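Engineer: got a predicted structure plus its sequence, pasted below:
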Amino acid sequence: MSTKSHSCVLSPVQPDRPTLETLRDGLRGWYLARRRRLPWRDEPTPYRVWLSEIMLQQTQVATVIPYFERFVATFPTVEALAAAPEEDVLALWAGLGYYRRCRALHEAAKAIVRDHGGALPASLDALLALPGVGRYTAGAIASIAFGLRAPLVDGNVARVLARLTALEPTQESAAGQKALWALADALVDPVDPSTHNQALMELGALVCSPRSPDCGACPWHDGCRARATGDPESYPRRAPKRAPTAMSAVGGLATRDDGAMLLARRPDGGLLGGLWELPGGEHARGDGSRKDAVERWFAERLGLAVDVRSHVASVTHVFTHRRLALEIYAVDGADRLAPRPTWYTEARWVTAGEVAALPLSRLTEKVLAAVEGRAR
Ligand code: SF4
């Protein structure tokens, strides 16, 4: 059976009914033949759909799968997740990045237990009221888990729809967003919105990829305006990219004779909130020497007087809009007094075995790998 639709003519936002039906039918047929088996699709309970959608925000499917499986094995219900200490939840999330998502997930689990008896609410408005649940995630849970006729637009869907209609406003603009949501809304299959929305996301993931879309295998090949231009990759239109801002920072590696090292917990909220790291802070041009900056941060943030001994590692890391260059120095004297954290919320001497149980950012994992074996 051919997976291609008949030729169709689209207006950018309001396709007519026969066109919508042709698009839905083509998409559905393609999806039922080509879909991947994914752990959250096998048993699409509201909890599993919600968890997978939060994890999949800005993260690849292949990365998410082992995290998802560990999460549902450790926290099989919303109640189990809500009752867990935040540190345990963050530790299980460590490595997925975007830790604010994890904290919001945990807050939402508590709200679901407190306000909805432990069951995710089956309405868009109630879903939108949960921490960490925006328009996209609410649409995904409502349609996939509850079969409600709700649209969704994520990065994959935006790309497919912008290409289908050769949308001129940039994807980030208000006009672009409005057009994409209106089109997604018009397109949702009223009979089976769950399959339809999953199919739309799958088409973006498997066929209509950012680079070299496989238009020959696409069920929307004949009606796609971007393909007809001969340059589908030029859609979605994009605003020019900002270059990442360069940042410098310093950190101190304090170790004891028993091999333990000093780690500190960042304040909640803000970049890498609640995660543990080697103590330190930013170092801007004009701030004096890096060694002085290390000593100053230990004093200001931990109430400890340390002496910098030697440089031990350089680590670079790229955040979404920032490129960080971090210089690590070995320090002496941190164990003369107990730390008195001020900006940091906590500080602990931890052994190599204990480090693994703490929630760490990718950056700190890189730092620890770089300084491994450098303790005295
Ligand atoms: S025809 Fe090509 S560009 Fe158009 S939706 Fe399909 S894969 Fe994407």
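Structural biologist: Here it is on my side, so go on.

Engineer: distance from the chain centre to the lowest-mean-pLDDT helix or strand in the chain, please.
Structural biologist: Taking mean pLDDT, DSSP states H and E as the measure, the helix or strand of the chain with the lowest value is helix 352-355, at a mean of 87. Put simply, helix 352-355 sits 26 Å off its chain's centre (CA atoms, centre = their mean, to the nearest Å).

Engineer: so after it, what's the next helix or strand?
Structural biologist: Downstream of helix 352-355, the next assigned helix or strand under DSSP states H and E is helix 362-371.

Engineer: let me see the mean pLDDT of that next one.
Structural biologist: In this model, helix 362-371 has a mean pLDDT of 93.

Engineer: go through that helix and flag the buried ones.
Structural biologist: By 16 or more other CB atoms under 10 Å, the buried positions in helix 362-371 come out as 363, 364, 366, 367, 368, 371. In short, each C-beta sits where N, CA and C put it, glycine included.

Engineer: that one packs against which elements?
Structural biologist: Judged by 3 or more CB pairs under 8 Å, 6 or more residues apart in numbering; DSSP states H and E, the packing partners of helix 362-371 are strand 276-277, strand 307-318, strand 322-332.

Engineer: repeat that with 7 Å
Structural biologist: Judged by 3 or more CB pairs under 7 Å, 6 or more residues apart in numbering; DSSP states H and E, helix 362-371 is in contact with strand 307-318, strand 322-332.

Engineer: got those strands as CSV, with mean neighbour count and distance to the ligand columns?
Structural biologist: Formatted as CSV, the helices and strands packed on helix 362-371 follow (neighbours: other CB atoms under 10 Å; distance: least, CB to the nearest ligand atom, whole Å):
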stretch, mean neighbour count, distance to the ligand
strand 307-318, 15, 29
strand 322-332, 19, 32
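
Engineer: adding distance to residue 26, write the ones you listed out as CSV.
Structural biologist: Shown next, in CSV, are these (distance: least, CB to CB, whole Å):
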stretch, distance to residue 26
strand 307-318, 39
strand 322-332, 42
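
Engineer: follow-up on the earlier one: for the least confident helix or strand of the chain, which outside residues touch it?
Structural biologist: 259, 368 (CB atoms under 7 Å, 6 or more residues apart in numbering).

Engineer: using PDB, write down the CA coordinates of that helix.
Structural biologist: Provided in PDB are the C-alpha atoms of helix 352-355 (Å, rounded to 0.1, in the frame of the first residue of the first chain):
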ATOM      1  CA  ALA A 352      34.400   8.600  46.200                       C
ATOM      2  CA  GLY A 353      31.700   6.000  47.000                       C
ATOM      3  CA  GLU A 354      29.400   8.600  48.500                       C
ATOM      4  CA  VAL A 355      29.700  11.000  45.600                       C
END
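
Engineer: buried residues, that helix. List them.
Structural biologist: By 16+ other CB under 10 Å, the buried positions in helix 352-355 come out as residue 355.

Engineer: give me the outermost residue of this structure relative to its centroid.
Structural biologist: residue 336 (40.4 Å; CA atoms, centre = their mean).

Engineer: quick one: that one from residue 259, how far?
Structural biologist: The gap separating residue 336 from residue 259 is 18 Å, by CB to CB, to the nearest Å.

Engineer: show me which residues of the stretch 201-350 of the chain sit near the ligand.
Structural biologist: Contact residues (CB under 6 Å from any ligand atom) of the stretch 201-350 of the chain with the ligand: 207, 208, 213, 215, 218, 220, 221, 224, 226, 227, 232.

Engineer: please work out how many residues are found near the first one.
Structural biologist: The reference is to residue 207. Applying other CB atoms under 10 Å, we find 20 residues neighbouring residue 207.

Engineer: isn't it up against residue 218?
Structural biologist: Yes - with contacts counted by CB atoms under 7 Å, residue 207 reaches residue 218, the gap being 5.1 Å.

Engineer: need the residues touching each of those two.
Structural biologist: With CB under 7 Å, 6+ apart applied, the contact sets of residue 207 and residue 218 do not overlap.

Engineer: tell me which helix or strand residue 267 sits in.
Structural biologist: Of the helices and strands defined by DSSP H and E, none includes residue 267.
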